[in-house]
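Visitor: Sequence first, then the predicted structure:
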Amino acid sequence: MDESGGSGQPRPGNDEPAERHPGHPAPADGSAHPDPTPRDRTAGAEPTGPGTHPTPDTPADTTPTDTGPTTPDPAAPEAPAPAPGTPTAPAGTGHDTPDTPGRRTLAHSPAGHNRPTRRAPEPRGGLLMGRPFGVPVYVAPSWFLVAALITWVFGNQLDRVLPDLGAARYLVSLFFAVAFYASVLVHELAHTVAALRFKLPVRRIQLQFFGGVSEIEKEAETPGREFVLAFVGPLLSLILAGLFYLAMRPVEPGTVPGVLLAGLMISNLIVAAFNLLPGLPLDGGRMLRAVVWKITGRAMSGTVAAAWVGRALAVSVLIGLPLLTQSGALGSTAEDSVGMDTVFDALLAAILAAIIWTGAGNSLRMARLREHLPELRARNLTRRAVPVETTTPLSEALRRANAAGARALVVVDAHGEPLSLVREAAIVGVPEHRRPWVAVSGLAQDLTDGMRVSAELSGEELLDVLRATPATEYLVVEDTGEIYGVLSAADVERAFVKAMARPS
């Protein structure tokens, strides 16, 4: 399963001294637009949104190209919702826009907006097995359940074929389970090598229930590369099936090696055939997506077509698999397919159908996300800022901010070099009667390299930069090093949710 998310490299601003220009007042009607006159956005600050929200992670694409459908990765969350207390009004497209009609200064931001929220922990990959090609390979806990199930089922079949093995048949069956998932790993490594060949970063490979997943962080740039990236997995499974067939030719059929080689040949054929079915989230679905993308010129059209074919495939599996079993088309008679076998077949069909249906829906959601991500631009979301020196009282800093129509405070040294950002949450926690006696430096967060964001960043690159350095506010700079303003993570999150709410 390829989970294509996004990773980009920011264009950070440098550390040259920032000019200090007077701010331009925000539009009286609260309209959202960037100020066209100055490039330096330092003015006076009155931040109005919450200041302690996590940066929304870019969900990974759940369109798989693997050895069978798998459950959606927890690393691919849906569009993040604002934390408790976050105003529902959108932040707007310009950094002079208040969140709600009327002016709400930093000094009067509701305290309920400043509860810190924790970033979601990175998903655990399970047991680390190695790093082929520099990509970590994990075995998920669910694999051990599947390995036990394969050992039991294949062991019962060996009892009919090789009755003399006795209890040792389960050791042979366990070896088969491990060898089969080694084949699955080869399938996934094919996707990984192709992705690395196309300079697409791969986060990890995970072996889990019903197959494996290769988490590719970016989407293929062309339909041709998308087709190749999807096709190499089933191709390797077919090659493995052929190799096992050739190895089986000189081996006597009624022996343990003969049975193992025959089982691995058949299982790889099944893996290849299943993945070539033309519906997302399977490899065949991604191949269909690439074909439609090539014909229409739109990746979104290919995703929609392949996702709906995937949903139709899920319904077909749910209904057709039990019927095929009952009809004897899969090698057993109707009389043999009764009782627990019938229940097991129906349960297996339901699980497969649910995974395929969910994967197809995730593919549609991720495609819509990528379509709207370019709307997130640091330049449009940045708040105007006013520079203040370290010893400036908070009350005086707020007065300057309100007078300049700004919404953020940047602490600078005597030469105008930015040192830190005043945290909005800290300002709200200072009672008004104490503000003349509190210096802004005591409420500021020191700037780190990761907190300097280029004004030219947008989309996945912007989200990747914010995710790499969690903070509530970021200094936005021009490529020349001039201060452009302050970017609030809360504003980015609200814009992210708003963009996801719009139809494609």
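Guide: Looks like it arrived, so ask away. What you are looking at is a predicted structure, and each value in this text was computed from that prediction instead of being measured.

Visitor: CA only for contacts and neighbour counts going forward, please
Guide: OK.

Visitor: What helix or strand is Val178 located in?
Guide: Following DSSP states H and E, one finds Val178 within helix 169-197.

Visitor: what mean pLDDT would you report for that helix?
Guide: The average pLDDT for helix 169-197 rounds to 94.

Visitor: likewise stretch 210-225?
Guide: 89.

Visitor: List the buried residues for that stretch?
Guide: Buried residues in stretch 210-225, counting neighbours by 16 or more other C-alpha atoms under 10 Å, are found at 210-220, 223, 225.

Visitor: sorry, back to before: how far does the helix holding Val178 sit from the chain's center?
Guide: Mean-position distance between helix 169-197 and its chain equals 25 Å (C-alpha atoms, centre = their mean, to the nearest Å).

Visitor: Check which helices and strands it sits against.
Guide: helix 141-161, strand 202-208, strand 211-216, helix 223-248, helix 256-275 (3 or more C-alpha pairs under 8 Å, 6 or more residues apart in numbering; DSSP states H and E).

Visitor: In CSV: the ones you listed, plus distance to Val476.
Guide: Output for the helices and strands packed on helix 169-197, formatted as CSV (distance: least, C-alpha to C-alpha, whole Å):
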stretch, distance to Val476
helix 141-161, 43
strand 202-208, 28
strand 211-216, 29
helix 223-248, 35
helix 256-275, 46
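
Visitor: out of these, deepest packed?
Guide: For those, average neighbour numbers computed from mean count of other C-alpha atoms under 10 Å are highest in strand 211-216, which has a mean of 28.

Visitor: Next, the angle strand 202-208 makes with it.
Guide: 170 degrees (axes from the mean of the first three to the mean of the last three C-alpha atoms, to 10 degrees).

Visitor: I'd like to know which elements strand 211-216 is packed against.
Guide: helix 169-197, strand 202-208.

Visitor: Mind doing that once more with 6 Å?
Guide: strand 202-208 (3 or more C-alpha pairs under 6 Å, 6 or more residues apart in numbering; DSSP states H and E).

Visitor: Give me the contact list for the strand it packs on.
Guide: For strand 202-208, contacts defined as C-alpha atoms under 6 Å, 6 or more residues apart in numbering pick out 135-140, 142-143, 212-217.

Visitor: switch the cut-off to 7 Å
Guide: The set of residues external to strand 202-208 that reach it, using C-alpha atoms under 7 Å, 6 or more residues apart in numbering, is 125, 135-140, 142-143, 192, 212-217.

Visitor: for this protein, which spans come out with low pLDDT?
Guide: 1-125, 328-341, 502-504 (pLDDT under 70).

Visitor: What ranges does it have for its helices?
Guide: Assigned by DSSP state H, the chain shows helices spanning 141-161, 169-197, 223-248, 256-275, 283-296, 299-327, 340-372, 378-381, 394-404, 424-428, 459-468, 489-501.

Visitor: The first one packs against which elements?
Guide: Using 3 or more C-alpha pairs under 7 Å, 6 or more residues apart in numbering; DSSP states H and E as the contact criterion, the secondary-structure elements in contact with helix 141-161 are helix 169-197, strand 202-208.

Visitor: can you rerun that using 6 Å?
Guide: By 3+ C-alpha pairs under 6 Å, 6+ apart, helix 141-161 packs against helix 169-197.

Visitor: go on, the fifth one?
Guide: Counting contacts by 3+ C-alpha pairs under 6 Å, 6+ apart, the secondary-structure elements packed against helix 283-296 are helix 223-248, helix 299-327.

Visitor: Please identify the buried residues of the longest one?
Guide: Going by neighbour count (16+ other C-alpha under 10 Å), the buried part of helix 299-327 is 299-315, 317-318, 321-326.

Visitor: Nearest to Ala397 among the helices and strands packed on helix 283-296 would be which one?
Guide: helix 299-327 (48.2 Å; C-alpha to C-alpha).

Visitor: starting at the chain centroid, how far to that closest one?
Guide: With C-alpha atoms, centre = their mean, you get 25 Å for helix 299-327.

Visitor: Repeat that for stretch 397-414.
Guide: 36 Å.

Visitor: Repeat that for stretch 476-483.
Guide: 29 Å.

Visitor: and Gly416, which of the helices and strands packed on helix 169-197 is closest to it?
Guide: strand 202-208 (40.6 Å).

Visitor: Counting neighbours, what do you get for Pro431?
Guide: 9 (other C-alpha atoms under 10 Å).
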